[in-house]
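Colleague: One predicted model, sequence on top.
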Amino acid sequence: MMTQLAERLKSMIRISGPLSVTDYFSLCLADPQYGYYKTREPFGPTGDFVTAPEISQLFGEMLGVFMVHAWQRHGTPANTRLIEIGPGRGTMMADMLRVISRIAPPLYETCTVHLVETSPRLTEIQQQTLQAHGGKVSWHSSFDEVPAGFTLIAANELFDAIPIRQFIKTGHGFRERLVGLDADDNLAFTTGAAGIDPDLLPPAPEKEPVGTIFEYSPARESVMITICDRLKSENGTALIIDYGHLVTGFGDTLQALRMHEFDPPLDHPGEADLTSHVDFQHLAQTARDLGVHINGCLHQGDFLYGLGLAERASALARNATPEQAQAITESVSRLAGEGAGRMGELFKVLAISSPNLHLLPFRAVD
């Protein structure tokens, strides 16, 4: 059965021609009437996917440990702005604040918390999740609204939901991939006339076969620039967690998730979550070009274990029932393990700072 957004998209294509993948991606997620984030509850067992904070409190707790460490390495500044961009249900921030209040009371007492959220529905859920912290927490529809001050930023599964452009190799070079209509009037991928700056392509594109896909996201680059500008002007650290690759390469990673199952990206626009893998090499290079320090980029498993995930899990298990202890073990495996259904290898963690300083568990870089 065709979705309401699919009908609208088909009408747009008939009138104005094929859509870029970027525009299709944006409309699927953010169309004011039928967009996925405007109409659905994406998180949790009744949604379409489960994020790391919803798997276990351990994830947010480890991020809280990291934020305290970063704050200390920056010299324990007062009036810290603790910011989360795209905070989901508020679970991760709640877990972070619980740890921060316990191990660094001066940071908790003097910081203010700022959630950048565009969904009124999710804002209501976050307000319930974080009500224990009262007036310490503020909400902003734009990152630009966050007040000036020393900054600690967390962004978990933010960049994967920012639209990409796709280019496909043809007999005449790489051309932009578009969404049009096939002979049966169904949404289908097609090829446009626009090319791409060859300097943006990975090495040896001439060796790739016809049909090879390359993905590039000016929108992600723009968000990264905004984060870096904030760190440069106010000082601080940003932690970016997402699934993706450490090295820029070729490949089609556009995917849709619907009811916890993969779904063809063109089948249910507006009713499936649309994402793609994040190019961490490009994000890091964007920051480096702006003069922001790259603390490092790790697999999520190495990051969490490096911060004491195993030790914290053991401490929780000591006071747990056998069933609870088993659940803790399974959560650690999902968050930090490798292989199907586990996040430890597929997800990456990038930390950037201004000024230049070394943060654990990343290795010092000369």
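Modeller: Nice, thanks for sending it over. Numbering: from 1, shown residues only.
Colleague: contacts, neighbours, all on C-alpha from now
Modeller: OK.
Colleague: show me what contacts the residue lying closest to residue 97 once chain neighbours are set aside?
Modeller: Excluding the flanking residues, the one nearest residue 97 by C-alpha to C-alpha, 6 or more residues apart in numbering is residue 64, at 6.7 Å. By C-alpha atoms under 8 Å, 6 or more residues apart in numbering, residue 64 lies in contact with 95-97, 99-100.
Colleague: I'd like to know which of these are part of helices.
Modeller: Within those, residues falling in helices by DSSP state H are 95-97, 99-100.
Colleague: can you put those in TSV and add pLDDT, distance to residue 25 and neighbour count?
Modeller: Formatted as TSV, the ones in helices among the contacts of residue 64 follow (pLDDT from 0 to 100; distance: C-alpha to C-alpha, whole Å; neighbours: other C-alpha atoms under 10 Å):
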residue	pLDDT	distance to residue 25	neighbour count
95	96	31	21
96	97	31	22
97	98	33	24
99	96	36	21
100	98	37	22
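Colleague: Look up the closest residue to residue 53, ignoring the ones flanking it.
Modeller: residue 92 is the one closest to residue 53 (C-alpha to C-alpha, 6+ apart), at 5.2 Å.
Colleague: Over to that neighbour: give its phi and psi.
Modeller: In terms of degrees, to the nearest 10, the main-chain angles of residue 92 are phi -60, psi -40.
Colleague: shouldn't it be in contact with residue 56?
Modeller: No. Judged on C-alpha atoms under 8 Å, residue 92 makes no contact with residue 56 at a distance of 9.4 Å.
Colleague: For these two, indicate the residue with more neighbours.
Modeller: residue 92 (27 against 20; other C-alpha atoms under 10 Å).
Colleague: picking that back up, of the contacts of residue 64, closest to residue 154?
Modeller: residue 96 (10.2 Å; C-alpha to C-alpha).
Colleague: Skipping its backbone neighbours, what lies nearest the closest one in space?
Modeller: Nearest one to residue 96, counting by C-alpha to C-alpha, 6+ apart, is residue 64 at 4.1 Å.
Colleague: Below-threshold pLDDT in the protein: ranges please.
Modeller: Residue ranges of the chain with pLDDT under 70: 1, 40-49, 364-366.
Colleague: got a list of what residue 167 touches?
Modeller: 174-177, 195-196, 213-215.
Colleague: Could you report the separation of it from residue 218?
Modeller: 13 Å (C-alpha to C-alpha, to the nearest Å).
Colleague: chain center to the helix or strand hosting residue 58, what's the gap?
Modeller: Under DSSP states H and E, the secondary-structure element containing residue 58 is helix 57-73. On the basis of C-alpha atoms, centre = their mean, to the nearest Å, helix 57-73 sits 18 Å off its chain's mean C-alpha point.
Colleague: partners of the next helix or strand after that helix in the sheet?
Modeller: Later in the chain than helix 57-73, the nearest helix or strand by DSSP H and E is strand 81-85. According to DSSP bridges, strand 81-85 forms sheet pairs with strand 112-116 (parallel), strand 151-156 (parallel).
Colleague: name the element the residue sitting furthest away from the middle of the chain belongs to?
Modeller: Within the chain, the residue lying farthest from the chain centre (C-alpha atoms, centre = their mean) is residue 183, at 36.4 Å. In this assignment (DSSP H and E), residue 183 forms part of neither any helix nor any strand.
Colleague: ok, back up a step: can I get the strands paired with strand 81-85 in a markdown table including distance to residue 127?
Modeller: Formatted as a markdown table, those follow (distance: least, C-alpha to C-alpha, whole Å):
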| stretch | distance to residue 127 |
| --- | --- |
| strand 112-116 | 10 |
| strand 151-156 | 18 |
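Colleague: Ok, which of those comes nearest residue 143?
Modeller: strand 112-116 (6.0 Å).
Colleague: Identify the residue nearest residue 108 in space, chain neighbours excluded?
Modeller: Spatial nearest neighbour of residue 108, excluding adjacent residues (C-alpha to C-alpha, 6+ apart): residue 101 at 5.1 Å.
Colleague: OK, contacts around the one you found?
Modeller: With C-alpha under 8 Å, 6+ apart, residue 101 has these contacts: 107-109.
Colleague: cool, and residue 267?
Modeller: Counting by C-alpha under 8 Å, 6+ apart, residue 267 has contacts residue 187.
Colleague: Assumed it was part of a strand.
Modeller: No. Assessed with DSSP: H, G, I helix; E, B strand; the rest coil, residue 267 is coil; it does not lie in a strand.
Colleague: those helices in the stretch 251-366 of the chain, which residues are they?
Modeller: Along the stretch 251-366 of the chain, counting by DSSP state H, counting those that start in this stretch, helices occupy 280-289, 300-306, 309-318, 322-336.
Colleague: What about residue 353, how many residues nearby?
Modeller: When counting by other C-alpha under 10 Å, one arrives at 26 neighbours for residue 353.
Colleague: Next: residue 284.
Modeller: 22.
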